[in-house]
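Student: how would this look folded up:
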Amino acid sequence: MDKAIIVIHGGAGTIIKANMTDEKEEKFLNSLKAILVRGREMLSNGSSALDVVQEAVRMFEEDTLYNAGRGSVFTSDAINEMDASIMDGRNIKAGGVASVSTIRNPIIAARKVMECTPHVLLIGKGAELFAQKNGVEIVDPSFFYTENRYQQLLRAKEEQSLLLDHDGANKVEERKQENSNDSKATSTDPIDPDKKFGTVGAVALDIHGNLASATSTGGMTNKMTGRVGDSPIIGAGCYANNKTVAVSTTGTGEMFMRTLAAYDVSAMMEYTGCTVEEAAKKVVFEKLLSIQGEGGLIAVDKNGNFSMTFNSEGMYRGYCKVNQEPNAFIYE
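Tutor: This is a model prediction of the structure:
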């Protein structure tokens, strides 16, 4: 019971501190703590790590603060395409969905793939049809429309850029200096849109000693339709194995895919005997940075030791142990 823990992240990036008002900071911290409290309650009641990480990510998907589910960004074709994955450390079974636009909670569909099919990943219309047949809530694509995300897309198109998340005013501070009268230069988001990785995720160790991981994202503003990042890719954006560790990542997805970042943490722990913190730091500060990979990861090992490691300026993150108060952070 004492080792049971939930660790979460809501994205990493370069924080524009001038935009982080007390009100904005409190909103993010309260959101993170609410998710952690829910996880703590479930762990205390004997829920499985798998149930806990699914619920945590579902809560992220329902909160428009984050780039997942209802808060997802738009592709270059002005649609929302979401990805998610989940993994059970007990049996290293996993499931994921990618490029879905009508599934209210992609993380629930990902678990259905894991439990109801012999496959690991379903995409697009096939994933949506499967989800509908298996009782996952389907919504009209307009459900995911938010005005600030749409305006972000318009700004990205205007600047012919590909933005990683949140308000799309490109290089906000530079633009303010270049043209103080340009209203489009104003961003209300504390994360620099060029340096924000909007994946959300959770890892947990339950009172039975089982590990699980879950990850979900709306991707990148103005991304090519059909682009899939690391979030639904087992071993890149999500991994869990009771023998070692559960990991969820957030960052420049292609780099996390190229390095198999999530699995690499587990592999180093298994093959070299290093700690979760040592493995996480090697992946984040050495292997990813060597190919200009930016972002971070959360991880918890089979003994309840955990890491929240990132090479960007900040990461929305937190942890909560059973019978303890939640701890949430934004800055380094």
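Student: please pull out the lowest mean pLDDT helix or strand from the chain.
Tutor: When each helix and strand of the chain is scored by mean pLDDT, DSSP states H and E, helix 172-178 comes last, with a mean of 43.
Student: tell me the spacing between the residue nearest to Pro326 when sequence neighbours are not counted and Gly71.
Tutor: Distances taken as Cβ to Cβ, 6 or more residues apart in numbering place Leu36 nearest to Pro326, at 3.6 Å, with adjacent residues excluded. Glycine gets a C-beta too; all of them are placed from N, C-alpha and C. Plainly put, Leu36 is 19 Å away from Gly71 if you go by Cβ to Cβ, to the nearest Å.
Student: again with Gln292
Tutor: Between Gln292 and Gly71 the distance is 27 Å, computed by Cβ to Cβ.
Student: can you pull out the strands in the stretch 201-332 of the chain?
Tutor: Counting by DSSP state E, counting those that start in this stretch, the stretch 201-332 of the chain has strands at residues 211-217, 238-240, 245-251, 295-301, 306-310, 314-321, 327-331.
Student: again with the stretch 51-200 of the chain
Tutor: 82-88, 93-100, 121-123, 191-197, 200-205.
Student: of all those, which one is nearest Asn241?
Tutor: Taking Cβ to Cβ, strand 82-88 is the member of the strands of the stretch 51-200 of the chain nearest to Asn241, at 8.3 Å.
Student: mind listing what's buried in stretch 55-69?
Tutor: 55-61, 63, 65-69 (16 or more other Cβ atoms under 10 Å).
Student: what about Lys27, how many neighbours?
Tutor: Under the neighbour criterion other Cβ atoms under 10 Å, Lys27 is assigned a count of 13.
Student: just say helix, strand or coil for it.
Tutor: Assigned state for Lys27: helix (three-state reduction, DSSP: H, G, I helix; E, B strand; the rest coil).
Student: confidence score at it?
Tutor: With respect to pLDDT, Lys27 scores 93.
Student: same question, Asp2
Tutor: Reported pLDDT for Asp2: 83.
Student: what's the neighbour count on it?
Tutor: Asp2, neighbours per other Cβ under 10 Å, totals 10.
Student: was I right to think it contacts Val322?
Tutor: Yes - Asp2 is in contact with Val322 according to Cβ atoms under 8 Å; the separation is 7.1 Å.
Student: pull up the pairing partners for the lengthiest strand in the chain, direction included.
Tutor: Across the chain, the longest stretch assigned as strand under DSSP state E is strand 5-15. Take DSSP bridges as the rule and strand 5-15 pairs in its sheet with strand 191-197 (antiparallel), strand 200-205 (antiparallel), strand 314-321 (antiparallel).
Student: show me where pLDDT drops low in the stretch 101-250 of the chain?
Tutor: Within the stretch 101-250 of the chain, the segments meeting pLDDT under 70 span 161-197.
Student: coming back round to it: of Gln292 and Gly71, who's got more company?
Tutor: Shown here are Gln292 and Gly71; by other Cβ under 10 Å, Gly71 has more neighbours (24 against 8).
Student: check contacts around the more buried one.
Tutor: 61, 63-65, 146, 149, 198, 218 (Cβ atoms under 8 Å, 6 or more residues apart in numbering).
Student: what's near enough to touch the residue nearest to Ser248 when sequence neighbours are not counted?
Tutor: Nearest residue to Ser248 in three dimensions, chain neighbours excluded: Gly201, at 2.9 Å (Cβ to Cβ, 6+ apart). By Cβ under 8 Å, 6+ apart, the contact list for Gly201 reads 8-9, 57, 213-216, 237-238, 248-250, 298.
Student: out of these, who's the most crowded?
Tutor: Of all the contacts of Gly201, the highest neighbour tally under other Cβ under 10 Å goes to Thr215, namely 39 neighbours.
Student: contacting residues around that one?
Tutor: Contacts of Thr215 (Cβ under 8 Å, 6+ apart): 57, 84-86, 199-201, 231-232, 237-238, 248-249.
Student: quick one: which of those residues is nearest to Pro141?
Tutor: Ala84 (16.6 Å).
Student: Lys112 contacts Gln132, correct?
Tutor: No - assessed by Cβ under 8 Å, Lys112 is found out of contact with Gln132, at 10.5 Å.
Student: okay, the two: which has more neighbours?
Tutor: In this view Lys112 and Gln132 are compared by other Cβ under 10 Å, and Lys112 has more residues nearby, 22 against 14.
Student: count the neighbours of the closest residue to that one other than its chain neighbours for me.
Tutor: Counting by Cβ to Cβ, 6+ apart, Lys112 lies nearest to Asn134, which is 4.8 Å off, once chain neighbours are set aside. By the criterion of other Cβ under 10 Å, Asn134 has 14 neighbours.
Student: any idea how far Val276 is from Ala94?
Tutor: 20 Å.
Student: correction: Gln324
Tutor: Applying Cβ to Cβ to Gln324 and Ala94 gives a distance of 29 Å.
Student: which one's more surrounded, the two?
Tutor: Ala94 (24 against 12).
Student: tell me if I'm right that the more buried one and His119 touch.
Tutor: No - between Ala94 and His119 there is no contact under Cβ under 8 Å: 10.0 Å.
Student: nearest residue to the most centrally placed residue in the chain other than its sequence neighbours?
Tutor: The centroid of the chain falls nearest to Val200 when counting by Cα atoms, centre = their mean (2.0 Å). Ranked by Cβ to Cβ, 6+ apart and with sequence neighbours excluded, the top spatial neighbour of Val200 is Phe60, at 3.8 Å.
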